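**Student:** predicted model, plus sequence, below.
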Amino acid sequence: MNFRFQNLLGAPYRGGPAIISGSNILISPVGNRISVTDLVKSETITLPCQASANISRLAVSPDGNFLLAVDENSRSLFINLRRHVVLHRISFKKPVSAVRFSPNGSYIAIGVGKLVQIWRSPGFRKEFFPFELVRTFADCNDKVTAFDWSPDSNYLFVGSKDLTVRLFCLKKVKGINNRPFLFLGHRDSIVGVFVGIDKTINQVSRVYTISRDCSIFTWTCSANEGKNNELEAEVSEPLSPGTPEQRPSGDFEGNSEIDLNVKKRKNFDEGESTLGKESEPNLHNWKWKLLKKDFFMQSPAKLTASDYHKGLDLVVVGFSNGVFGLYQMPDFVCIHLLSISREKITAAVFNVLGNWLTFGCAKLGQLLVWEWRSESYILKQQGHYFDVNCVAYSPDSQLLATGADDNKIKVWTISSGFCFVTFSEHTNAITALHFMANNHCLLSASLDGTVRAWDLFRYRNFRTFTTPKPTQFVSLASDQSGEVICAGSLDSFQIFVWSMKTGKLLDELSGHEGPVHGLMFSPSNAILASSSWDKTIRLWDVFEGKGSVETFPHTHDVLTVVYRPDGKQLASSTLDGQIHFWDPLNGELMYTIEGRKDIAGGRLMTDRRSAANSSSGKCFTTLCYSADGSFIFAGGTSKFICMYDVADQVLLRRFQITHNVSLDGVLDFLNSKNMTEAGPLDLIDDDNSDREEGIDKQTRGNLGYDLPGSMSNRGRPVIRTKCLKIAPTGRSWAAATTEGVLIYSIDESLIFDPTDLDIDVTPEAVDAALTKGQPSRALALSLRLNEDSLIKKCIISVNPADLPAVASSIPFRYLQRLIEAFVDLLESCSHLEFILLWCQEICKTHGHSIQQNSRNLLPALKSLQKAITRLHTDLADTCSSNEYLLRYLCSSATKK
């Protein structure tokens, strides 16, 4: 029951900024979620928090503790990266175009339209209003595009679309003209502005400004010896006749243009007198001049991404034609100029050490981490270009295969969240996937008319199944032995049967009068169940060749069919939103669940009716039983996934897969202010702003080539769940949704769920039993208390000689909890042999009971098998390498 969001697969990157915290933590936005990748451990996780819309801006604090994420609706989340929790939320009045923490972490510079706002960074302390606006600059004439701070956090360089870079002083300086200094000369909008540091004195020595027209200007500065007052007298404007005398600008404290809020800013300007000391860099007294202009010579491409490493004095730039360049400054020496794709590079960033470069391509959903010295890849991940249609778990629950509309199959390691192989031989969309029982063979069905078998050892297609006449396959199944492969067709309404060994077509099962969208073999026998849009479910005896054994009629089109894990029940969903449960042995209808109100989702932009009155999408298109068969998961064209109790036919829980309002169908009620005579405002594409800003997103808008009716909502993605699968261990399940593959898992160690609790069952009683040398009593008390740490403590404290006696004293009802504790210990404990002896004694003592109750213990036993298999693989590799090393050492000693 306690399933929680664990990870997001299938979409490592969807556009926007990608940043690196420290030297090895890569942070990238994925829709309205944030993905964090450890480049050293090769693991990726997705933070459990969600923004209200797609995330457009990210900034991480210098110490790596805090992350500021701003979405398209100008709502921001202030996140604690260590604990993965949201500390604060704030909304801005206009779209945010740039965000940057100061080097000391005290301030955050935020570009809100034409304004530059300086906010005090909140910390761990609890405050009524943690965000404090300390300064606002309104000097820019167009949208702010880039920031960079001086090392002392006193000055801010701001680039904007008005072709200008401005130098702002954060604090008011008495007796100094506080107008910003302008860096002019560019002919296109500013993409990046970077401050060069003189390492000998740790002060600003150069400024690099980069514009969209592939040019970089180098500016240098020098101290202006005492001429500041004369210069200010020359540039000051003459007084107009009749103008009242005004106070000098130095008399004001706080904000330069909003003087009514002086009381709020007093603490901010307390140290303003120290800024003018000669011991500290005062950029107001320095003279700036243009040193030289350099050009990247990539016309007609535009420069879309840039970054600068202060320690190595290197600049990396990315262009709209997929080319990136690495240049040594200030001499502008090209170190690398390579093409990594044909699409626009939307992110280019250094890590702290400067040895790794990270590139993002939003249109391809691709993230690359490249070590430029050795010219090798550290990370190369690419998600599916379009929606994921189907998923499949491997029998040991360690791998997850995904198939999508981009004709590709990807296999992911669930524990790390990484894709390790991609198969691209199919020429049309993937519609079904199935793992064979041996864990090393994957089957796929596609609309290109082929069923292919893939070898996960050699990563190749070793068998291709075809039909005499071309047909499109939409469903796939294999029997328990793996000898027979069946696929259902979309156009000929037949079921094709092949031999796995020979690849020959054995039979064609006819009888359905509509597309066969559901296909599954019974887990207990060789009966094949198929569902079709002809309002029937048919059972087939494939091996005996008797054809259709039995038919279950429905009143509406049948969308999918699944067997319960024990094979004694069949579930089907129909177009009217009902789930029917059948007894396949007696052919009787057992239960019916009415789910129209449960699955009802939000309102689409193009809907003429409200969400409550709309009939579209109120049906389940995918079903999946839990590992023990007591629950069933159901999903469809909705933002919800429903979890039902089969025996009582009641809704236990609804999982809302996203809160992202950038997707269609999330909101139940639309704002009437966004409706115009030409349609909804969100669907009116009146400019090319995305392409102009270099944020080409993954979109399906151009697929229909503007044909009438090809894309009703112009490619705006609609939230839906296309496939649901539960892991064989029963501890996690995957949902193929519009945003990617969502992984939900259960962690029972975090739940305090005592059984048989009595007044004498306490942690103190457990410790007392251990002290008295009563391991059996201590273990029984800890299992009754169901405290994970106490159970593991009691298991470890048992003497190996007492294992048979202690194992025989454990009641059978606590066996599942004990096996789950073994699984956790195998993954984290160093006493490997001791835990394996425990498992051996449990199997010897309770083997008959385990066999009789295998259905209830199956999830725990599969988890145990998964942990042992993983350890066996790791130890085998280590032993092999040690064996070869010992042989080499022995042979070397013999020769000497």
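**Tutor:** Ah, there it is. Residues are numbered from 1 along each chain as shown.

**Student:** would you confirm that residue 476 contacts residue 484?
**Tutor:** No - if you go by Cβ atoms under 8 Å, residue 476 and residue 484 don't touch, sitting 11.9 Å apart. Just so you know, the C-beta spots here come from the backbone N, C-alpha and C atoms, and that holds for glycine as well.

**Student:** please enumerate the strands of the stretch 401-550 of the chain.
**Tutor:** Ranges of strands within the stretch 401-550 of the chain are 409-413, 418-423, 430-435, 441-446, 451-455, 460-465, 473-478, 484-489, 495-499, 505-509, 516-521, 527-532, 536-541, 547-553, based on DSSP state E, counting those that start in this stretch.

**Student:** in the second one, which residues are buried?
**Tutor:** Residues 418-419, 423 are the ones in strand 418-423 that count as buried (16 or more other Cβ atoms under 10 Å).

**Student:** could you dump those to a markdown table with distance to residue 885 and pLDDT?
**Tutor:** Shown next, in a markdown table, are the buried residues of strand 418-423 (distance: Cβ to Cβ, whole Å; pLDDT from 0 to 100):
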| residue | distance to residue 885 | pLDDT |
| --- | --- | --- |
| 418 | 29 | 88 |
| 419 | 32 | 89 |
| 423 | 36 | 94 |
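
**Student:** ok, of those, which one's closest to residue 812?
**Tutor:** residue 418 (39.7 Å; Cβ to Cβ).

**Student:** okay but the closest one is in contact with residue 381, surely?
**Tutor:** Yes - between residue 418 and residue 381 there is a contact at 6.7 Å, judged by Cβ under 8 Å.

**Student:** tell me the residues that contact both of those two, please.
**Tutor:** residue 44 (Cβ atoms under 8 Å, 6 or more residues apart in numbering).

**Student:** coming back round to it: nearest to residue 397, out of the strands of the stretch 401-550 of the chain?
**Tutor:** strand 430-435 (10.3 Å).

**Student:** which strands and helices lie in contact with the closest one?
**Tutor:** Judged by 3 or more Cβ pairs under 8 Å, 6 or more residues apart in numbering; DSSP states H and E, the packing partners of strand 430-435 are strand 388-393, strand 399-404, strand 441-446, strand 473-478.

**Student:** now that strand and strand 451-455, what's the angle there?
**Tutor:** 40 degrees (axes from the mean of the first three to the mean of the last three Cα atoms, to 10 degrees).

**Student:** please name every helix or strand in contact with the helix or strand harbouring residue 875.
**Tutor:** Element membership of residue 875 [criterion: DSSP states H and E] is helix 854-895. For helix 854-895, the elements it packs on are helix 815-828, helix 832-852, judged by 3+ Cβ pairs under 8 Å, 6+ apart.

**Student:** and that helix with helix 815-828, angle?
**Tutor:** Using the same axes, to 10 degrees, helix 854-895 lies at 30 degrees relative to helix 815-828.

**Student:** which stretches of the stretch 51-200 of the chain have low pLDDT?
**Tutor:** 124, 173-177 (pLDDT under 70).

**Student:** strands of that one, start to end?
**Tutor:** Taking DSSP E, counting those that start in this stretch, the strands of the stretch 51-200 of the chain run over residues 55-60, 66-71, 75-80, 85-91, 96-101, 107-112, 115-120, 132-137, 144-149, 155-160, 165-169, 181-183, 190-198.

**Student:** which strands and helices sit next to the third one?
**Tutor:** In this case it means strand 75-80. strand 66-71, strand 85-91.

**Student:** mind listing what's buried along that strand?
**Tutor:** For strand 75-80, a neighbour-count test (16+ other Cβ under 10 Å) marks 75-79 as buried.

**Student:** how about a markdown table for these, with distance to residue 307 added?
**Tutor:** Shown next, in a markdown table, are the buried residues of strand 75-80 (distance: Cβ to Cβ, whole Å):
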| residue | distance to residue 307 |
| --- | --- |
| 75 | 26 |
| 76 | 22 |
| 77 | 24 |
| 78 | 24 |
| 79 | 22 |
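
**Student:** following the helix or strand where residue 318 lies, which helix or strand shows up next?
**Tutor:** Element membership of residue 318, judged by DSSP H and E, is strand 314-319. Scanning forward in sequence from strand 314-319 by DSSP H and E, the next helix or strand is strand 323-328.

**Student:** can you list contacts of the following helix or strand past that following strand?
**Tutor:** Next in sequence after strand 323-328, counting helices and strands by DSSP H and E, comes strand 333-339. Strand 333-339 is touched from outside by 314, 321-328, 372, 375, with contacts defined as Cβ under 8 Å, 6+ apart.

**Student:** with just CA atoms, put strand 333-339 into PDB.
**Tutor:** Presented in PDB, the C-alpha positions along strand 333-339 are these (Å, rounded to 0.1, in the frame of the first residue of the first chain):
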ATOM      1  CA  VAL A 333      43.200  29.500 -29.000                       C
ATOM      2  CA  CYS A 334      40.800  26.800 -30.200                       C
ATOM      3  CA  ILE A 335      41.500  23.500 -28.300                       C
ATOM      4  CA  HIS A 336      38.500  21.500 -29.600                       C
ATOM      5  CA  LEU A 337      35.800  22.200 -32.200                       C
ATOM      6  CA  LEU A 338      33.600  19.100 -32.600                       C
ATOM      7  CA  SER A 339      30.100  18.300 -33.700                       C
END
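
**Student:** the host helix or strand of residue 589 pairs with which strands?
**Tutor:** Assigned by DSSP H and E, residue 589 belongs to strand 588-594. When pairing is defined by DSSP bridges, strand 588-594 lines up against strand 578-583 (antiparallel).

**Student:** now the partner strand against strand 536-541, angle please.
**Tutor:** Interaxial angle of strand 578-583 relative to strand 536-541 (the same axes, to 10 degrees): 30 degrees.

**Student:** which residues are contacting strand 578-583?
**Tutor:** The set of residues external to strand 578-583 that reach it, using Cβ under 8 Å, 6+ apart, is 537, 552, 554, 556, 568-574, 588-596, 620, 623, 632, 634, 644, 646.

**Student:** make it 10 Å
**Tutor:** Contact with strand 578-583 is made by 529, 537, 539, 550, 552, 554-556, 558, 560-561, 564, 568-574, 588-596, 598, 619-620, 623, 632, 634, 642, 644, 646-647, 649, as judged by Cβ atoms under 10 Å, 6 or more residues apart in numbering.

**Student:** for PyMOL, write a command that selects the buried ones of these.
**Tutor:** Buried members of the contacts of strand 578-583, defined by 16+ other Cβ under 10 Å, are picked up in PyMOL with:
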select buried, resi 529+537+539+550+552+554+558+560+561+564+569+570+571+572+573+574+593+595+598+619+620+623+632+634+642+644+646
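
**Student:** so what's residue 870 up against?
**Tutor:** Residues near residue 870 by Cβ under 10 Å, 6+ apart: 396, 398, 415, 826-827.
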